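In: predicted model, plus sequence, below.
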Amino acid sequence: MFQGDRRDFNRACSLLIESNRLSTADLAVTYNYRGVAYARSGEFDRAIADFGEAIRRYPKSALFYPYINRGDAYKAKNDVDRAIADYSEAIRLDPKSALAYNKRAHVWERKREYDRAITDYTEAIRIDPDGDGTTYYFRGVLYGLKRDLEPAIADFTAAIRLEPGLAAAYNSRGIVHQLKGDLDRAIADFGEEIRLEPMEPGGYRSRGNARVRKAEVDGAIVDFSEAIRLAPADAATYGYRGATYLMKGDLERAISDNSEAIRLDPRFAIAYHNRGKAYLLGSDFDRAIIPLWPETQEKRYHPKNVGGQLPAKTRC
């Protein structure tokens with residue numbers, strides 16, 4: 001619906017509401033529709049008010065979607081407790097709705113109440129085991145965060161079975177394989193991610209880090225170079241490649257990459273460390289002595305420490 005069409009739709013709904021000619025049931029439907037239109041245009045307070053009017057007028061048998069819709073609007077406003085209350089009411093009205101359990105799980109996840117989120121994802125899967133592959137994916141991410149690795153792999157595998165094009169599932173499964181030390185499977189999964197999304201730098205970066213751990217230094221440099229080509233402003237990848245050049249003994253390229261990483265992120269502590277080490281190995285002692293920066297990012301950016309975190313979720 002285009003913006004102009006949405007305004008016309010809202011105006012038409014308002015005229016119907018103000019006409020005093022609608023039955024109670026039709027008035028409830030009209031408030032619900034206008035609330036959806038308000039929500040789609042980002043007017044969440046108006047949407048919430050309309051869904052409330054719809055809930056007040058709908059017969060009990062038809063209240064499920066107004067509660068779901070209002071829960072979505074509360075979630076969009078980050079009013080997570082009210083969102084949970086509305087999704088819980090929707091579940092009470094329809095306990096066999098995988099949708100409602102899924103939505104409530106997302107909000108539990110946002111509150112970092114991971115066990116409750118896993119419980120709701122599990123119930124959604126029980127209700128509809130062959131439905132949405134992303135339900136398995138999000139539960140797998142939570143298992144991964146809890147370092148419950150085997151269930152995480154099983155969920156990512158189920159997500160891939162249901163949605164073979166879900167690149168994020170390959171990435172996440174690859175990270176878990178890497179955490180387990182199964183580098184061959186990790187590299188294979190990152191390769192599938194790259195096949196599905198060849199213009200995204202993340203897969204190359206992940207595979208490069210796995211190759212570093214496997215001492216496939218030249219292959220890692222190729223992957224990091226492709227990631228840099230796709231995302232030339234990413235300081236972390238310059239840091240990864242610079243550290244890998246340092247491992248290889250290519251001091252000039254190590255200095256160059258770490259210098260670029262520092263230019264892009266002046267508080268990149270490990271880049272200073274690695275550049276200083278390269279200067280030291282090259283007997284450039286004056287340049288090797290640099291101010292010490294707080295180690296705020298050292299562990300996060302070092303190639304030997306990558307793969308310990310699952311990718312961040314954009315949806316919740």
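Out: Happy to help now that I have it. Treat the numbers as computed from the prediction; the structure is a model and nothing was measured.
In: please point out which parts of the helix or strand encompassing Arg92 sit buried.
Out: If you go by DSSP states H and E, Arg92 is part of helix 80-93. Within helix 80-93, the residues that qualify as buried are 80, 82-87, 89-91, 93, counting by 16 or more other CB atoms under 10 Å. Every C-beta, even on glycine, is put in place using the N, C-alpha and C of the backbone.
In: contact partners of that helix?
Out: Residues from elsewhere that reach helix 80-93, judged by CB atoms under 8 Å, 6 or more residues apart in numbering: 60, 63-64, 67-68, 70-72, 74-75, 97, 100-101, 103-104, 107-108, 110-111.
In: among those residues, name the ones in helices.
Out: 64, 67-68, 70-72, 74-75, 100-101, 103-104, 107-108, 110 (DSSP state H).
In: low-confidence ranges, the protein, go.
Out: Counting by pLDDT under 70, the chain shows low-confidence ranges at 1-19, 22, 290-316.
In: mind giving me the domain ranges of it?
Out: 1-95, 102-198, 206-316 (automatic domain parsing).
In: chain center to the second one, what's the gap?
Out: Once both centres are worked out by CA atoms, centre = their mean, to the nearest Å, domain 102-198 turns out to sit 11 Å from its chain's centre.
In: that one: end-to-end distance?
Out: This stretch, domain 102-198, spans 30 Å end to end (CA to CA, to the nearest Å).
In: same check, this time on stretch 257-276
Out: 12 Å.
In: buried set for that stretch?
Out: Quick answer for stretch 257-276 (16+ other CB under 10 Å): 257-262, 264-265, 268-276.
In: checking Gly174 next. Helix, strand or coil?
Out: Here Gly174 is helix, with the state taken from DSSP: H, G, I helix; E, B strand; the rest coil.
In: just give the number of residues close to it.
Out: Using other CB atoms under 10 Å, Gly174 has 27 neighbouring residues.
In: next one: the one 4 residues further on
Out: Each residue near Gln178 was counted by other CB under 10 Å, and the total is 23.
In: show me the contact partners of the helix or strand containing it.
Out: Assigned by DSSP H and E, Gln178 belongs to helix 167-179. Here helix 167-179 makes contact (CB under 8 Å, 6+ apart) with 133, 137, 140-141, 144, 147, 149, 152-153, 156-157, 159-160, 163, 183, 185-190, 192-193, 196-197, 200, 202-203, 206-207, 209-210, 213, 307-311.
In: so what's Arg104 up against?
Out: Neighbours of Arg104 in contact, by CB under 8 Å, 6+ apart: 71, 84, 87-88, 91, 120.
In: look up how far Leu179 lies from it.
Out: Distance of Arg104 to Leu179, given as CB to CB, to the nearest Å: 29 Å.
In: rewinding a little: and the buried residues of stretch 257-276, which of them are in helices?
Out: 257-262, 264, 269-276.
In: identify, from those, the entry nearest to Glu43.
Out: Among these, Leu264 lies closest to Glu43 (CB to CB), at 38.4 Å.
In: wouldn't the closest one be in contact with Thr237 here?
Out: No: taking contacts as CB atoms under 8 Å, Leu264 lies outside contact range of Thr237: 9.8 Å.
In: for Lys103, list the residues it contacts.
Out: Lys103 neighbours (CB under 8 Å, 6+ apart): 68, 71-72, 75, 87, 90.
In: and for Arg139?
Out: 105, 117-118, 121-122, 125, 155.
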